[in-house]
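K.L.:
Make a model of this:
(one chain, ligands or ions: 2)
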Amino acid sequence: ADKTYLYFLFKFLVIGNAGTGKSCLLHQFIEKKFKDDSNHTIGVEFGSKIINVGGKYVKLQIWDTAGQERFRSVTRSYYRGAAGALLVYDITSRETYNALTNWLTDARMLASQNIVIILCGNKKDLDADREVTFLEASRFAQENELMFLETSALTGENVEEAFVQCARKILNKIESGELDPERMGSGIQYGDAALRQLRSPRRAQAPNAQECGC
Ligand code: GDP
Ligand code: MG
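P.N.:
Ligands and ions are numbered 1, 2, ... in the order given. Have a look, this model is predicted:
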């Protein structure tokens, strides 16, 4: 999409324990293929992609912890001003599931109270080795007001959906007034299309202006 059609730009994070598949999820979302271990030297820290959410183009600017989580050195500046996050655990590792509460506390404290988080139970393809049930995780998600999906960065299942659902929720919150894009550190920037609408207040106030022929 041309940038003149962009409504918003959202800053996204991918958080969770090392080894849960965060980098692979980002790679699958951007490149539409599984990142095999041979090219992990590349260590992508950042990716962006334009998606269409309910007819509006939104650019996601996604930050990966790029291995920092191994050393518990994910910094405040990483979290600052994020609008959305994928919180990832590995369905074959209870340890990564048990760590979710800590990640959640950090995200809500260091990013923003309003950050929209989707919980991703990754490695859905490894169902035979599962240590965390879908039901258990969906209860956790409900209790903590998170959206929830099981994903596979290997097969691609639910990967695009995770990013899109998170973006849709943010967009809904902007449209309902629950989220203010102009608040400092909201993680949201206006795209050209939104700016055009803001600069022509007549049209913004009367969305049916074209129909009434005035
Ligand atoms: P990160 O440390 O959270 O960034 O995790 P990586 O993306 O580096 O992945 C850790 C390991 O899990 C790698 O060996 C990946 O090949 C593997 N992996 C990641 N996602 C999946 C998945 O959905 N299914 C399977 N079977 N393996 C995965
Ligand atoms: Mg990684």
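
K.L.:
Show me what residue of the protein gets nearest to ligand 2.
P.N.:
Using CB to the ion, the closest approach of the chain to ligand 2 is made by Ser23 at 3.3 Å. Just so you know, the C-beta spots here come from the backbone N, C-alpha and C atoms, and that holds for glycine as well.

K.L.:
So in terms of bridging, what pairs with the residue nearest to that residue when sequence neighbours are not counted?
P.N.:
In space, and not counting its chain neighbours, Ser23 is closest to Asp64: 5.6 Å by CB to CB, 6 or more residues apart in numbering. When bridges are called by DSSP bridges, Asp64 pairs up with Val14.

K.L.:
For Asp64, list the residues it contacts.
P.N.:
Each residue near Asp64 by CB atoms under 8 Å, 6 or more residues apart in numbering is listed here: 14, 22-23, 26, 44-47.

K.L.:
tally of neighbours for the residue of the chain closest to ligand 2?
P.N.:
Neighbour count for Ser23, taken as other CB atoms under 10 Å: 23.

K.L.:
which parts of the chain sit against ligand 1?
P.N.:
Within the chain, the positions lying close to ligand 1 (CB under 6 Å from any ligand atom) are 18-24, 37, 122-123, 125-126, 152-154.

K.L.:
which pair in those spans the largest distance?
P.N.:
Largest separation among these by CB to CB: Ala18 and Asp125, giving 19.4 Å.
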